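S.K.: okay, here's the prediction I keep looking at, along with the sequence it came from:
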Amino acid sequence: MGYDPAFLFYPGDFLIGTAELTNEEVGQYIRALSYMHQKGRLNEKTIRLLLGSISDTLKSKFCIDDNGLWYNNRLENEIEKRRNFYQSRLDNGRKGGRPKTINKPNGNLNKTESKPNSNLPVNKDRDRNKDESVNESGIADKKDNEKSLEYLDNNLDNFRIDEFNGINIDREYKKFRDYLKSKGKTYKNYSAGFRNWLRSDFVSKNKSIGTKYSHLIEEI
């Protein structure tokens, strides 16, 4: 550590420690401490030049080492504490700053952890089950199933009724499927679409379909 121009001063401790000193002795004490901070331990000659005559009460504030040098124990402790603190900050700076505190898990999820992630892929099968009420065999309810083309394939007998008497249901259904395939047409409800097909004028009058498909059959 380089030159340190200051040391910590504790007014409360100083007032208590100098309660028995006169104002003149307090001034001498502060001068001696300041000089020791700048120069280190002092010999008795230097002390006499700085302070002049010294009372026994003031002398009791200092210690004398084996070399006859005067020093103040509290001052040296404060200087050492400040030096150690400065060095610890310097070492942390070289390591990239103060080490990060690792928080231990408290067993409670925070708010962000309890919320579902909107970016997760959607389970389409799960959503389909919500909308169509799939039964245990994996087949959608009859109401929705009747709208499918597969259901229509297997239930043409539903159209062999008096309303369509005289119409060849199998032949018309073949034409209906050819129409769907050639036009790439789809229906929300294929059974209703085929029913409208059978009710159309060109079927009842046995006319050819040709290019009239697109405006005679309305999508359901």
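M.R.: All right, it came through fine. Numbers count the residues shown, from 1 in each chain.
S.K.: for the lengthiest helix in the chain, packing partners?
M.R.: Counting residues, the longest helix in the chain under DSSP state H turns out to be helix 73-94. With contacts taken as 3 or more C-beta pairs under 8 Å, 6 or more residues apart in numbering; DSSP states H and E, helix 73-94 sits against helix 23-39. Quick note: C-beta positions are derived from backbone N, CA and C, even for glycine.
S.K.: what's the local residue count around Trp70?
M.R.: Neighbour count of Trp70, defined by other C-beta atoms under 10 Å: 19.
S.K.: meant to ask about Asn189, not that
M.R.: Asn189, neighbours per other C-beta under 10 Å, totals 16.
S.K.: then the one 10 residues further on?
M.R.: The burial metric for Arg199, expressed as a neighbour count using other C-beta under 10 Å, is 12.
S.K.: show me the contacts for it.
M.R.: Arg199 sits next to Glu163 when contact means C-beta atoms under 8 Å, 6 or more residues apart in numbering.
S.K.: need phi/psi at it.
M.R.: Here the main-chain torsion angles of Arg199 (degrees, to the nearest 10) amount to phi -90, psi -10.
S.K.: now it: how far from Ser53?
M.R.: 132 Å (C-beta to C-beta, to the nearest Å).
S.K.: what do you get for Ala192?
M.R.: 122 Å.
S.K.: which one of these two is surrounded by more residues?
M.R.: Ala192 (15 against 7).
S.K.: quick one: contacts for the residue nearest to Glu146 when sequence neighbours are not counted?
M.R.: Leaving aside its sequence neighbours, Glu146 sits nearest to Ser191 (C-beta to C-beta, 6 or more residues apart in numbering; 5.8 Å). Residues near Ser191 by C-beta under 8 Å, 6+ apart: 146-147, 151-152, 155, 158.
S.K.: narrow those residues to those that are buried.
M.R.: The neighbour-count test (16 or more other C-beta atoms under 10 Å) marks 146-147, 152 as buried among those.
S.K.: so among the residues you listed, where is pLDDT lowest?
M.R.: pLDDT across the buried ones among the contacts of Ser191 is lowest for Glu146, at 75.
S.K.: identify the residues contacting that one.
M.R.: 155, 189, 191.
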